[in-house]
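Colleague: Predicted model, plus sequence, below.
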Amino acid sequence: MIVILAIDALEYDLVEKWDMKELKQLKYGKTNLSDYSEPRTMVLWSSILSGKNKEEEILKIGDKEMWNFKLKTEETFFSMFNKYLAIDVPGFTQDIKYHELEREQLKKFFNKEIDVDEFDKPLFEHHKQNKEQFLKALNGDYEIVMGYFGLIDVVGHISFGLETKMKILYKEMEEIAKIAEEKADILLILSDHGMEAIGRFGDHSDHGFWSLNINKELGFIKPVEIYKLIKEFKEK
Amino acid sequence: MGKEQFNFVIVGHVDHGKSTLIGRLLYDTNSLPEGKMDELKKTCEMMGKPLEFAYLLDHLQEEREQNITIDTTQIFFKTQKKEYVIIDAPGHKEFLKNMITGASLAESAILIVDAKEGVQEQTKRHSYILGLLGLKQVIVVINKMDLVEYKKEKFEEIKKEIVSFLSRLNIYPSFIIPISAMEGDNIANKSKNIGWYEGLTVLEALDTFKDTDIMEEKALRLPIQDVYKFDERRILAGRIESGKIKKNDEIILLPEYTETIVKSIEEFNRQRDVVEAGISIGITTTEPIFTERGSVICKKGENLPKIINTLQGNIFWMSKTPFKKGERIFLKLATQEVECILEKIITKMNSSSLESIGNDETQIENTEVAKIICKLDKPIVVEDFNITPELGRFVLIQNEDICAGGILTNIYGD
């Protein structure tokens, strides 16, 4: 089984700093986002899935509407497989309601209607649901499973400056990676972009993250090149 | 003047629970700033996990990084009996460096060993360093007892192994305590899970330790840090490492053997009659004397330190570039700085296995321990490490980087 652990905003520098061995796996590095004007979640995941730079197409839709953007299966690398599962993946299977929840929470937080704990709570709930579904899928009869986790991104926007809090979240992802590694023939861990601190808050950084449990060097890989990589895995 | 704070260090193999133990000590002694941990606690709760005590240490580190005025190597907590400072160093190199340079001196040590993994490479290496530094007040804690179901047999097995190893280094731990830092067993409170253990908890054991020698009762040793000229006065400045000094004392400056009398004692623009160990001062003398940084002021009538041209010591080499026989290197001992040449490598040892690598070797590699003889370019003032640590330990510097720390062994007086 090929497993893709998609972790939004997983920051290379923190994985390195905290020596997160499960996230680093055998080979790891940064991804090259130089073809994009800004590191946008929807644009980057769509480019990863389709093997095409989707920036222009998605930006045309507009900031608000872009979250409704959805690729068809035949446009993604999932089309190469008979049995696949894509959990909560932006631009493909993510329920727009989750994104709306995120936006709503951010709005309430900045309007001081809720505090940090109230901000975090539903996001953790959503994370738990994704985790449960992902871990269950690892025991399923799939050729490829892709599990998306947005917790580090959303919580990071409010709390990235609190490193210890972020470390707790990174350790959670480290645990999930460990379980995935035990089940997967090939485990590819990917982030769309990383994050950098602005005071206690966080903003997207200009590089993503990749790691593999097999001895293959991807170098400074671009998001669109992931498609070919999956194809290569499939053919092998 | 007694010390207000008791310094200790926690050493041991990576992942054996050092951070968790520090976090637990802070937590159990209510030494964490109130409210600071709330967000972390809630994050763990939402994740459905207990708050790991290692996070407390991370949190403190994070706060320190954001506030560079706070010393990054010291963590404070107190019990009803004492105030403690944990000297925290990221690795053995930093610890050894801090100890030997005197940046942070521990008076005792907790050696932590994982109950499941037992004695590991770094356990041995750190133990060797404790022996090298002459730390006598040592507590061994066998941690993660919860992971071995609090079994007495497992504790006894590791206890036997570590005691046997430490005895080879002349370290005889005062206490060997089964603990679980994660669960709080035998840290501040007696463990209900370890009913078979009737000894002290970690905090109780620490509370029994005493400050090491009272330095002010020893002979005067005042290494000169600098000589300042003000008007007609020449002020000799430095920190009193041991003993007392007062106005009209007859003093001797070594290694030059110049005798004179203390005219005045100045401490931050105020004059004092008597000053004791631990204080930085400046003195003036009745007649002008010509001396420089590095000389040591002693008192006439008291015992005097040794003056050597050849040094013999144990060193712990910490550089990737090997130290070769015949090579010149910079030696720093207290405020004395001198070039020297590596004349002989008497013995060499693997710092992890403590096995002898050989005699009369030609070079010392990274992390090796060696007994060496160095020929000095000029005489220096030294003393037994156990009497005046500052005059008994040294560092070797290559390209402005400290690459070895050492303790004097035999002293060849010239």
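Modeller: Noted; the coordinates are in hand.
Colleague: Please count neighbours and contacts with C-alpha atoms only from this point.
Modeller: OK.
Colleague: For the chain, which segments count as helices?
Modeller: I'll assume chain A. A:12-17, A:21-24, A:41-50, A:55-61, A:96-110, A:116-137, A:151-159, A:163-183, A:225-235 (DSSP state H).
Colleague: think we crossed wires, I meant chain B
Modeller: Using DSSP H, helices in chain B cover B:18-28, B:38-47, B:54-66, B:92-101, B:121-133, B:152-167, B:202-208, B:389-392.
Colleague: from these, which stretch is densest packed?
Modeller: Sort the helices of chain B by mean neighbour count, taking mean count of other CA atoms under 10 Å in any protein chain shown, and helix B:389-392 sits at the top with a mean of 24.
Colleague: what's it in contact with?
Modeller: Helix B:389-392 has contacts (CA atoms under 8 Å, 6 or more residues apart in numbering or on different chains) with B:102, B:241, B:333, B:334, B:381, B:382, B:383, B:384, B:385, B:386, B:407, B:408.
Colleague: Make a markdown table from those and add neighbour count, pLDDT and distance to residue B:316 to it.
Modeller: Below are the contacts of helix B:389-392 laid out as a markdown table (neighbours: other CA atoms under 10 Å in any protein chain shown; pLDDT from 0 to 100; distance: CA to CA, whole Å):
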| residue | neighbour count | pLDDT | distance to residue B:316 |
| --- | --- | --- | --- |
| B:102 | 15 | 56 | 16 |
| B:241 | 24 | 90 | 24 |
| B:333 | 23 | 93 | 15 |
| B:334 | 25 | 91 | 18 |
| B:381 | 23 | 96 | 22 |
| B:382 | 27 | 95 | 19 |
| B:383 | 21 | 93 | 19 |
| B:384 | 18 | 87 | 18 |
| B:385 | 17 | 81 | 16 |
| B:386 | 15 | 76 | 18 |
| B:407 | 26 | 85 | 9 |
| B:408 | 22 | 89 | 12 |
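Colleague: now, which of those residues lie within strands?
Modeller: If you go by DSSP state E, these have B:333, B:381, B:382, B:407, B:408 in strands.
Colleague: Test of understanding: give the bridge partners of the third one.
Modeller: Going back to what we said before, that points to residue B:382. Applying DSSP bridges to residue B:382 gives these bridge partners: residue B:306.
Colleague: ok now do it, which residues does it touch?
Modeller: B:305, B:306, B:307, B:308, B:391, B:392.
Colleague: how near is it to residue B:374?
Modeller: Going from residue B:382 to residue B:374 by CA to CA, to the nearest Å gives 14 Å.
Colleague: circling back to that earlier point, so can I have JSON lines of the helices of chain A showing mean pLDDT and distance to chain B?
Modeller: Shown next, in JSON lines, are the helices of chain A (pLDDT from 0 to 100; distance: least, CA to the nearest CA, whole Å):
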{"stretch": "helix A:12-17", "mean pLDDT": "96", "distance to chain B": "12"}
{"stretch": "helix A:21-24", "mean pLDDT": "96", "distance to chain B": "13"}
{"stretch": "helix A:41-50", "mean pLDDT": "96", "distance to chain B": "24"}
{"stretch": "helix A:55-61", "mean pLDDT": "92", "distance to chain B": "34"}
{"stretch": "helix A:96-110", "mean pLDDT": "87", "distance to chain B": "15"}
{"stretch": "helix A:116-137", "mean pLDDT": "93", "distance to chain B": "6"}
{"stretch": "helix A:151-159", "mean pLDDT": "92", "distance to chain B": "10"}
{"stretch": "helix A:163-183", "mean pLDDT": "94", "distance to chain B": "6"}
{"stretch": "helix A:225-235", "mean pLDDT": "95", "distance to chain B": "31"}
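Colleague: Out of those, the one nearest residue B:255 is which?
Modeller: With CA to CA, the closest approach to residue B:255 among the helices of chain A belongs to helix A:12-17: 48.4 Å.
Colleague: How about residues contacting the closest one?
Modeller: A:23, A:24, A:29, A:30, A:170, A:194, A:207, A:208, A:209.
Colleague: Using neighbour counts, pick out the buried residues of that helix.
Modeller: Across helix A:12-17, burial judged by 16 or more other CA atoms under 10 Å in any protein chain shown covers A:12, A:13, A:14, A:15.
Colleague: quick one, what contacts residue B:378?
Modeller: Counting by CA under 8 Å, 6+ apart, residue B:378 has contacts B:309, B:338, B:339.
Colleague: Kindly report the same for residue B:32.
Modeller: residue B:26.
Colleague: tell me, how many neighbours does residue B:31 end up with?
Modeller: 16 (other CA atoms under 10 Å in any protein chain shown).
Colleague: Go ahead and confirm it touches residue B:83.
Modeller: No. Judged on CA atoms under 8 Å, residue B:31 makes no contact with residue B:83 at a distance of 10.9 Å.
Colleague: Pull up the overlap in contacts between the two.
Modeller: B:76, B:77.
Colleague: per-domain residue ranges of chain B.
Modeller: According to automatic domain parsing, chain B comprises the domains B:5-208, B:216-299, B:306-413.
Colleague: hmm, back to that, of all the contacts of helix A:12-17, which comes closest to residue B:22?
Modeller: Comparing those against residue B:22 with CA to CA places residue A:170 closest, at 21.7 Å.
Colleague: do you know how far that closest one is from residue B:374?
Modeller: In this view, residue A:170 and residue B:374 are 50 Å apart by CA to CA.
Colleague: returning to what we had before: farthest-apart pair in the ones in strands among the contacts of helix B:389-392, please.
Modeller: B:381 and B:407 (13.9 Å).
Colleague: Is it correct that residue B:81 is in contact with residue B:207?
Modeller: Yes. Using CA under 8 Å, residue B:81 is in contact with residue B:207, at 6.6 Å.
Colleague: residues in contact with residue A:133?
Modeller: residue A:87.
Colleague: Ranking by neighbours, what's the top pick from the contacts of helix A:12-17?
Modeller: residue A:23 leads the contacts of helix A:12-17 on contacts (other CA under 10 Å) with 31 neighbours.
Colleague: contacting residues for the closest residue to it other than its chain neighbours?
Modeller: Distance criterion CA to CA, 6 or more residues apart in numbering or on different chains; nearest residue to residue A:23, sequence neighbours excluded, is residue A:174 at 5.6 Å. Contact criterion CA under 8 Å, 6+ apart gives A:20, A:21, A:22, A:23 as the residues in contact with residue A:174.
Colleague: Distance check, residue A:174 against residue A:20.
Modeller: Residue A:174 is 7 Å from residue A:20, where distance means CA to CA.
Colleague: Could you do residue B:144 as well?
Modeller: 22 Å.
Colleague: More neighbours: which of these two?
Modeller: Neighbours per residue (other CA under 10 Å) separate residue B:144 from residue A:20, with residue B:144 holding more: 24 against 17.
Colleague: rewinding a little: tabulate the contacts of residue B:382 (CSV), appending pLDDT.
Modeller: Below are the contacts of residue B:382 laid out as CSV (pLDDT from 0 to 100):
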residue, pLDDT
B:305, 95
B:306, 94
B:307, 95
B:308, 94
B:391, 91
B:392, 89
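Colleague: where does residue B:298 sit relative to residue B:240, distance-wise?
Modeller: As defined by CA to CA, residue B:298 lies at a distance of 10 Å from residue B:240.
Colleague: With residue B:358 instead?
Modeller: Going from residue B:358 to residue B:240 by CA to CA gives 40 Å.
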